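J.: Any chance you could fold what I've pasted below:
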Amino acid sequence: MNADDDIRALVERAAAGIAAGIEAGPGPVRGRRLRPAGLAGRVAPWLAAAGALMLAAVALEQTFTSLPSLVLLLAPVAPLLPVAAAWSRRTDPAWELLASVPRFGLGLLLRRTLAALAAVIPLLAVAGWATGHAPALWLLPGLAFTAASLALGGLTGVDRAALGLAAAWAGFVIVPSLATARLPGVLAAGAWPGWAAAVVALVAVAVVRTAAFNRETP
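T.: As a prediction, the model looks like this:
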């Protein structure tokens, strides 16, 4: 037997061993439903929560007309739930892998944030249309708070910044507004230029802090 015959025999034995292992192994699993996997499946519940929040705000605003607009009060913080989930190591199954690649940073953060906004803004638009509020009054505050969470994210982590901003808005604006049955001046019809300026300024701060997002956030 020459060398070629030895190699051929080795290959045949290996093939036979693999075939035997396949036959002895477990068969395919049948009847198992696929579950949502990856980041999208983990962010989806937070998107649903934001949608339910705005739906409840519309219903309550139309039912209790003596209350200040709940749609306007909640619109600034509604995008923060999915934004926090989109950039959290606790909800991202690929966090360690992403943290090790060069493209990890502000670019990825902005893409995820835009994806979250693309899902939330239509919900806000429906809520604003149903209650008759001008688009600037529900869109610009939401964009400003989202930009603020990115600007602060390099210091505290985007998820913590988003949740902290939501808690601060609830404590200092939503609760007092409901207690006094009046909308604050920051949500008045003439306040939109200030919100627009805040969006531009906060986005600029987030871009300047690009280096902070190139490191793993807390």
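J.: C-alpha only now, for contacts and for neighbours.
T.: Noted.
J.: Please pull up the helix or strand immediately following the helix or strand bottoming out on mean pLDDT in the chain.
T.: The helix or strand of the chain with the lowest confidence, counting by mean pLDDT, DSSP states H and E, is helix 95-99 at a mean of 47. Counting by DSSP states H and E, the next helix or strand C-terminal to helix 95-99 is helix 106-131.
J.: now that following helix: mean pLDDT?
T.: Taken as a whole, helix 106-131 has an average pLDDT of 83.
J.: tell me what that helix is packed against?
T.: Identification of packing neighbours for helix 106-131 by 3 or more C-alpha pairs under 8 Å, 6 or more residues apart in numbering; DSSP states H and E yields helix 38-63, helix 70-74, helix 80-86, helix 135-156.
J.: Checking residue 77 next. Helix, strand or coil?
T.: The three-state label given to residue 77 by DSSP: H, G, I helix; E, B strand; the rest coil is coil.
J.: Give the burial count for the residue nearest to it when sequence neighbours are not counted, as a bare number.
T.: In space, and not counting its chain neighbours, residue 77 is closest to residue 166: 5.5 Å by C-alpha to C-alpha, 6 or more residues apart in numbering. Using other C-alpha atoms under 10 Å, residue 166 is surrounded by 20 other residues.
J.: What strand or helix carries residue 166?
T.: Using DSSP H and E, residue 166 falls in helix 158-169.
J.: what does the next helix or strand after that helix contact?
T.: Counting by DSSP H and E, the next helix or strand C-terminal to helix 158-169 is helix 175-180. For helix 175-180, the surrounding residues in contact (C-alpha atoms under 8 Å, 6 or more residues apart in numbering) are 67, 68, 183, 184.
J.: which one of the residues you listed sits closest to residue 203?
T.: Nearest to residue 203 among the contacts of helix 175-180, counting by C-alpha to C-alpha, is residue 184 at 24.2 Å.
J.: I'd like to know how far the closest one sits from residue 163.
T.: Computed as C-alpha to C-alpha, to the nearest Å, the residue 184 to residue 163 distance reads 21 Å.
J.: Those two - which one has more neighbours?
T.: Using other C-alpha under 10 Å, the more surrounded residue of residue 184 and residue 163 is residue 163, with 18 against 14.
J.: which residues does that one contact?
T.: 80, 81, 84.
J.: Next, work out how far apart the residue nearest to residue 182 when sequence neighbours are not counted and residue 179 are.
T.: Using C-alpha to C-alpha, 6+ apart and skipping the chain neighbours, the partner closest in space to residue 182 is residue 68 (5.4 Å). According to C-alpha to C-alpha, residue 68 stands 10 Å off from residue 179.
J.: ok, the two, which is more surrounded?
T.: residue 68 (19 against 10).
J.: helix/strand/coil for that one?
T.: coil.
J.: How about the contacts made by it?
T.: Under the contact definition (C-alpha under 8 Å, 6+ apart), the residues listed for residue 68 are 61, 177, 178, 181, 182, 183.
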